[in-house]
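Undergrad: kindly generate the corresponding structure for this input.
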Amino acid sequence: MNIKVAPSVLSADFWHLGEDIEEVLSSGADYIHFDVMDGSFVPNISFGIPVLKCVRRHTEAFLDVHLMIDRPVRYVDAFADTGADLLTFHIESDEYENIVKAIERAKERGIKTGIALKPKTPAEAAFSFAEIADMILCMTVEPGFGNQAFMEDMLP
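TA: Residues are numbered from 1 along each chain as shown. As a prediction, the model looks like this:
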């Protein structure tokens, strides 16, 4: 098993975003995780392409971008242009064929890919993506909200 530590920028103080990123990287974080929310797939809005572009200009750190957005295939190239190293797509965010297209396009751009599952989505739903995605993320909180309690029942 390959374990990586990827603190989420969602919990940062945005006034001091650069300092917070430097602090977690100097503390040994492997990745910087961006929870991108669109207000449609999930009820909240976080940040997007301009913030990621700015961060990339100032760090070579591995940028892990979790797209909690509706129909993410529409934005693969835009997020690739930000310098994302990993794009994770929710299987619930679009039709199967479009999630496959998003994965294929990201890989064409040299980006690693992940598949995310909401807590109520059966793990079996990810099986058809296991051969084409680099990672499967089983959410242990409901997507769209920060500072939630860990859902113990998600461990199995």
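Undergrad: check contacts around residue 7.
TA: 24, 29, 32-33 (Cβ atoms under 8 Å, 6 or more residues apart in numbering). Every C-beta, even on glycine, is put in place using the N, C-alpha and C of the backbone.
Undergrad: helix, strand or coil for the residue most central in space within the chain?
TA: The chain has residue 66 as the residue nearest its centroid, 1.2 Å off, counting by Cα atoms, centre = their mean. At residue 66 the chain is in strand, as set by DSSP: H, G, I helix; E, B strand; the rest coil.
Undergrad: tell me the bridge partners for it.
TA: Under the criterion DSSP bridges, residue 66 forms beta bridges with residue 35, residue 88.
Undergrad: surely it meets residue 135?
TA: No: the criterion here is Cβ atoms under 8 Å, and residue 66 misses it with residue 135 at 10.5 Å.
Undergrad: give me the common contacts of these two.
TA: Taking Cβ under 8 Å, 6+ apart as the contact rule, residue 66 and residue 135 both touch 88, 114.
Undergrad: the lowest-mean-pLDDT helix or strand in the chain pairs with which strands, parallel or anti?
TA: In the chain, no helix or strand scores lower on mean pLDDT, DSSP states H and E than strand 135-138, which sits at a mean of 89. Strands that pair with strand 135-138, judged by DSSP bridges, come out as strand 112-117 (parallel).
Undergrad: avg pLDDT for the partner strand?
TA: Mean per-residue pLDDT for strand 112-117: 96.
Undergrad: can you give me the strands in this structure?
TA: 31-37, 62-68, 86-90, 112-117, 135-138 (DSSP state E).
Undergrad: compute the first-to-last residue distance for stretch 106-118.
TA: 21 Å (Cα to Cα, to the nearest Å).
Undergrad: so where's the protein shaky on pLDDT?
TA: For the chain, the stretches with pLDDT under 70 are 1, 145, 148-151, 154-155.
Undergrad: which helix of it spans the most residues?
TA: helix 96-108 (DSSP state H).
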